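A.B. asks: okay, sequence plus prediction incoming.
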Amino acid sequence: MSPLLVVAIAGLGTYLIRVSLIAVLGKVTIPPLGERALKLVAPTVLAAIAAQGVFTVDGGLRPFDVRHVAALIGGLVAWRTGSVAWTLVAGMGSLWLLGWLVPGW
């Protein structure tokens, strides 16, 4: 099978899955508890992706380094401000600054 055909079939399949969910959810009423739970899916997935990058390396636990400190700083800023922008600035800024100040850590 050609790569172009594989990409076309995969694209059509994902499109049909999305359309079917929209069509089904348009006719179904989701209870309030379900709506509240769905609002937490995206932050949970992003937190899981970030935690994997901070705490693991090559399938094992990462030794303590600048990523842990930067994640802690970013978490504190997120908790205090509730701002995604300030959290990113503080987390990435501290990661870059600590990586520059303490090379090899």
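C.D. replies: Nice, I can see it. All values derive from a computational prediction rather than experimental measurement.

A.B. asks: just give the number of residues close to residue 29.
C.D. replies: Applying other C-beta atoms under 10 Å, we find 7 residues neighbouring residue 29. C-betas here are computed from N, CA, C, even on glycine.

A.B. asks: helix or strand: which one has it?
C.D. replies: Taking DSSP states H and E as the definition, residue 29 sits outside all helices and strands.

A.B. asks: send me the longest helix seen in the chain as CSV with only the CA atoms.
C.D. replies: Once the chain is assigned using DSSP state H, the helix that runs over the most residues is helix 3-25. What follows is helix 3-25, C-alpha atoms only, in CSV (Å, rounded to 0.1, in the frame of the first residue of the first chain):
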residue,chain,number,x,y,z
PRO,A,3,2.2,5.9,1.8
LEU,A,4,-0.2,8.4,0.3
LEU,A,5,-3.1,6.0,0.4
VAL,A,6,-2.3,5.1,4.1
VAL,A,7,-2.3,8.8,5.0
ALA,A,8,-5.6,9.4,3.1
ILE,A,9,-7.3,6.4,4.8
ALA,A,10,-6.1,7.5,8.2
GLY,A,11,-7.2,11.1,7.6
LEU,A,12,-10.7,9.9,6.5
GLY,A,13,-10.9,7.6,9.5
THR,A,14,-10.1,10.3,12.0
TYR,A,15,-12.5,12.7,10.2
LEU,A,16,-15.4,10.1,10.4
ILE,A,17,-14.7,9.5,14.1
ARG,A,18,-14.9,13.2,14.9
VAL,A,19,-18.0,13.7,12.8
SER,A,20,-19.7,10.7,14.4
LEU,A,21,-19.0,12.1,17.9
ILE,A,22,-20.4,15.5,17.0
ALA,A,23,-23.5,13.9,15.5
VAL,A,24,-24.1,11.7,18.5
LEU,A,25,-23.3,14.3,21.1
